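Enquirer: Sharing a model prediction with you, sequence too.
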Amino acid sequence: MPIDTKERLKIPRQKMPEQDPRARATNFEQVNYGFTLELAQLEASRCIQCKKPTCIPGCPVGIDIPGFIKLIEVGDFIGAARKLKEKNCLPAICGRVCPQEIQCETPCVLSKKGRSVAIGHLERFAADYEREQGEVLIPPRPKPSGKMVAVVGSGPAGLTAAGELAKMGHEVTIFEALHKPGGVLIYGIPEFRLPKAVLMAEVDYVRQLGAEIECNAVIGKRETVDELLASGYDAIFLGTGAGLPNFMGIPGENLNGVYSANEFLTRSNLMKAYLFPEYDTPIVRGKNVAVIGGGDTAMDAVRTAKRLGAKNAYIVYRRSREEMPARDEEIHHAEEEGIEFRLLTLPKRILGNDTGWVVGMECLQMKLGEPDESGRRRPIPIEDSEFVIEVDTVVVAIGTGANPLVPRTTPGLETNKWGNILVDEATGQTSRRGVFAGGDIVRGGATVILAMGDGQRAARAINEYLRS
Amino acid sequence: MNLILEKRELAPQACLFVVKAPRIARKARPGQFIILRPDERGERIPLTIADSNPERGTITLVVQEVGKTTARLGRMQKGESILDLVGPLGQPSHLEKFGTVVCLGGGFGIAAIHPIAKALRELGNWVISIIGARKKELLIMEEEMRLASSRLLIATDDGSYGRPGFVTDAFKDLLEEGIQTDYCIAIGPVPMMRAVCKITEPLEIKTVVSLNPIMVDGTGMCGACRVTVGGKTRFACVDGPDFDGHQVNWDELVKRQGIYLEAEKLAMEMFLHPEGACHRRGEGDAH
Ligand SMILES: Cc1cc2nc3c(=O)[nH]c(=O)nc-3n(C[C@H](O)[C@H](O)[C@H](O)COP(=O)(O)OP(=O)(O)OC[C@H]3O[C@@H](n4cnc5c(N)ncnc54)[C@H](O)[C@@H]3O)c2cc1C
Ligand SMILES: Cc1cc2nc3c(=O)[nH]c(=O)nc-3n(C[C@H](O)[C@H](O)[C@H](O)COP(=O)(O)OP(=O)(O)OC[C@H]3O[C@@H](n4cnc5c(N)ncnc54)[C@H](O)[C@@H]3O)c2cc1C
Ligand code: SF4
Ligand code: SF4
Ligand code: FES
């Protein structure tokens, strides 16, 4: 029985079932269980199917949002998944990690009247349903174009570009430096937010579209970009990410027990150190752990530290809660799991003992002043407010820069002063003919879906370049 | 997958592997290394490219067994494959005609210094190599080093071969002979490299060492390999592994190399006695 708009507006936003916070703070299993069939259909029926959907422009890859939601409402879940895949080859990932609250869900008309449709949760539901039913449809291979494209980096930007280019008939090879594909999705984002099995299924989908993935291949070292071009590749897409860890430059940062977030998360996620000694890679399991920073990376690191057995796991952030760049959902989950927030706190130096291990961190108390260039209120140190937090492990999660391996070995490839590759925004074309780029290597640390949008746009531009 | 084409025991607990890796072989330069992971549950460890043969498409690795992963490699045989192998990583060693160069190698450092000594000699340097081990049976690659060098000195701790004492003692002999040294390279355990630098610093002999901090990715992504050189933090995997030995903060390096000692002991114990050690699961704390 069709329901009218008024009825639809009465249905409250459905909440996704979650693992109990106390239990989940000790395991690496998924925090969110996902919608059941019933919950998904009920949530889908909240969408009023706008004639001019304001949600779509909020999605960097332009998913037909009312279209896929309607299919869920009527029970055609597989159809919904296929609709998603017309625009997004990694929906199970985006449904889990997209910051929907600042992307597609903010412009949803219902966000004014109350609460927007849970677009991300529905996306995750449809993609999971398709994968779990084993009915993943592989589109037929198009006629080969006879052109070869090399994609450097297998993060969301590279995977998307490769998938799209394969669908257009080009022969695509992804070169990845690490031993497994996925970029931040495999080495950074933990199992409890994005299970590796889900990621691997979506990576396999990109393979099945026709893209080859070669791991253990560091471009700029084993082959340069110019050598790839000379060896027969007609175009190149660079999606090498922002993988260079920033440290703070304070005393004590090289003490034992101080990690960059990249190292801490790579050990735990990519190398499975949380399963040591079943897996060989060790990690320091601190009892009192401070994670410096306020972004998604900091939240992932501090929640990982808690799961590794920390009694006290702190977020140390120099501004206040409002300025924290992490997704609301992640901050909320972290609080539920017992993470302590030390806000308006600036680390000054890390203290060690004679054997070289961390024993504490001296910090300064801050207060908020006038807004700075970024529009956020500037933190100012309060004089003589030094105090010490007792910690045995410190994780520095204050952002990452561009890895210079490729730019340094590619003459004529222009970068800005931070080392990010300069591109034409509409096409991803770099200063080198036939070389395109996108994702974090262009934007600096951004989001999965923006990286995917870049990969998609560049794929279209590469296709035009190859066919002209 | 990287096929092991040859395996040879050089000394107890030291093996040489010739591995198929054509694209690395084409690019490798002396001083560079690879990172490998033997199997799905394995750790990533760095090993120097001891030799490369672009025609055969092979690289040579020399592994000294010191813990779980190296012991695991020591049990791999010809015909088996190493799951992951990535390279060449790091900056090649700086090579030019310096004049008289002293190359010191200890332990696996002998394998690492061999291609450097060879290349320096080809550039017209007078290359004096000094290699050492605890005792005669443990000394590796003597013949190769003899061929690569203009002159070869040997030291063993117990005096069972060559000069009794450390390679640094043999180095002091050499300096006493009045040999004018223009450049020095030392590769081996930290105490050895550090002792060499102690000798050369007052004499103002430029000394390059190859640092071996703990690494993970080898591409500059994690910062595990950070070392302090000349008061600045550097990432050994991309800025090195070669550095000016007189600028290195050795104390810090030694401490950082020991971060996982407890965990490493446990991993080794479980590798050697898989049944007995199971109940100790989860004792991975480093301190
Ligand atoms: C811990 C963490 C949590 C995050 N959480 C979220 C989140 O919840 N939601 C969200 O939207 N965003 C999140 N982000 C940001 C998001 O992950 C990134 O914006 C996104 O992954 C960028 O994609 P990319 O494809 O540009 O690069 P990456 O994902 O960084 O992938 C780059 C790949 O290129 C490889 N590479 C680099 N150099 C070379 C080379 N020379 N040769 C070969 N391969 C090379 C790297 O090994 C890597 O695999 C998070 C980031 C981190 C670090
Ligand atoms: C650039 C470089 C080149 C090297 N070349 C060689 C070589 O040609 N032949 C050789 O036998 N060895 C070489 N090493 C040392 C070798 O990497 C270590 O012996 C090996 O990682 C030990 O691993 P394990 O599991 O057997 O022992 P473990 O018991 O895990 O460790 C023993 C010691 O080795 C060091 N170590 C442990 N894990 C790592 C790691 N991931 N990265 C670096 N060091 C680690 C630590 O100081 C540790 O205390 C090199 C190291 C570096 C950094
Ligand atoms: S991909 Fe991300 S932004 Fe686009 S609809 Fe899905 S959740 Fe929203
Ligand atoms: S704006 Fe909201 S209600 Fe309208 S179509 Fe999009 S999701 Fe549905
Ligand atoms: S090993 Fe990770 S940065 Fe050097």
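Expert: Yep, that arrived. Ligands and ions are numbered 1, 2, ... in the order given.
Enquirer: ok now do B:I179, which residues does it touch?
Expert: When contacts are counted by CB atoms under 8 Å, 6 or more residues apart in numbering or on different chains, B:I179 touches B:100, B:128. Quick note: C-beta positions are derived from backbone N, CA and C, even for glycine.
Enquirer: Swap in 7 Å and give it another go.
Expert: B:T100 (CB atoms under 7 Å, 6 or more residues apart in numbering or on different chains).
Enquirer: what do you get for the one 5 residues further on?
Expert: For B:C184, the contact set (CB under 7 Å, 6+ apart) comprises B:102, B:196, B:200, B:205-207.
Enquirer: Bridged to it, which residues?
Expert: B:V102, B:T207 (DSSP bridges).
Enquirer: now the contacts of B:C184: which count as buried?
Expert: For the contacts of B:C184, a neighbour count by 16 or more other CB atoms under 10 Å in any protein chain shown gives the buried set as B:102, B:196, B:200, B:205, B:207.
Enquirer: Quickly check the contacts of B:C184 for the two that are furthest apart.
Expert: With distances taken as CB to CB, the most widely separated pair in these is B:V196 and B:K206, at 12.0 Å.
Enquirer: closest to A:T427 among the contacts of B:C184?
Expert: Closest approach between the contacts of B:C184 and A:T427, by CB to CB: B:K206, at 49.5 Å.
Enquirer: Once you drop chain neighbours, what's closest to that closest one?
Expert: Spatial nearest neighbour of B:K206, chain neighbours left out: B:Y183 (5.4 Å); criterion: CB to CB, 6 or more residues apart in numbering or on different chains.
Enquirer: Columns distance to ligand 4 on top of the contacts of B:C184, output as CSV?
Expert: Output for the contacts of B:C184, formatted as CSV (distance: CB to the nearest ligand atom, whole Å):
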residue, distance to ligand 4
B:V102, 73
B:V196, 69
B:T200, 71
B:I205, 72
B:K206, 68
B:T207, 67
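Enquirer: If we check ligand 5, which of these are in contact?
Expert: With the criterion set as CB under 6 Å from any ligand atom, no member of the contacts of B:C184 is near ligand 5.
Enquirer: and the stretch 301-450 of chain A, which of its residues are near ligand 1?
Expert: A:327, A:403, A:405-406, A:439-441, A:445-449.
Enquirer: Now, those residues that are in helices?
Expert: If you go by DSSP state H, those have A:405-406, A:440-441, A:448-449 in helices.
Enquirer: for the chain, what's the longest strand?
Expert: The chain I'm using is chain A. When chain A is parsed with DSSP state E, its longest strand is strand A:358-371.
Enquirer: try chain B instead
Expert: strand B:2-11.
Enquirer: Just the CA trace of that strand, in PDB.
Expert: The C-alpha trace of strand B:2-11 is given here as PDB (Å, rounded to 0.1, in the frame of the first residue of the first chain):
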ATOM      1  CA  ASN B   2      59.700 -14.700  -5.600                       C
ATOM      2  CA  LEU B   3      61.300 -18.000  -6.300                       C
ATOM      3  CA  ILE B   4      64.400 -19.100  -4.500                       C
ATOM      4  CA  LEU B   5      66.800 -20.400  -7.200                       C
ATOM      5  CA  GLU B   6      69.700 -21.100  -5.000                       C
ATOM      6  CA  LYS B   7      70.400 -21.500  -1.300                       C
ATOM      7  CA  ARG B   8      73.800 -21.900   0.200                       C
ATOM      8  CA  GLU B   9      74.900 -22.100   3.800                       C
ATOM      9  CA  LEU B  10      77.800 -19.700   4.300                       C
ATOM     10  CA  ALA B  11      78.400 -20.400   8.000                       C
END
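Enquirer: Please name the residues that touch A:E191.
Expert: When contacts are counted by CB under 7 Å, 6+ apart, A:E191 touches A:28, A:269.
Enquirer: whoops, A:I48 was the one
Expert: Per CB under 7 Å, 6+ apart, neighbours of A:I48: A:5, A:8.
Enquirer: where are the low-confidence patches of the chain?
Expert: Looking at chain A here, since you left the chain open. For chain A, residues meeting the criterion pLDDT under 70 lie at A:1-2, A:113-114.
Enquirer: right idea, wrong chain: chain B
Expert: Regions of chain B meeting the criterion pLDDT under 70 cover residues B:276-287.
Enquirer: That one against ligand 2: which residues are in contact?
Expert: When proximity is defined as CB under 6 Å from any ligand atom, chain B approaches ligand 2 at B:33, B:43-48, B:62-64, B:66-70, B:108, B:111-112, B:212-215, B:241, B:257-258, B:261, B:264, B:268.
Enquirer: Go through these and flag which are in helices.
Expert: B:68-70, B:111-112, B:257, B:261, B:264, B:268.
Enquirer: Which two of those residues have the greatest separation?
Expert: Across those (CB to CB), the longest gap, 24.4 Å, separates B:A111 and B:L261.
Enquirer: who has more neighbours, those two?
Expert: Using other CB atoms under 10 Å in any protein chain shown as the criterion, B:A111 and B:L261 rank with B:A111 on top: 27 against 13.
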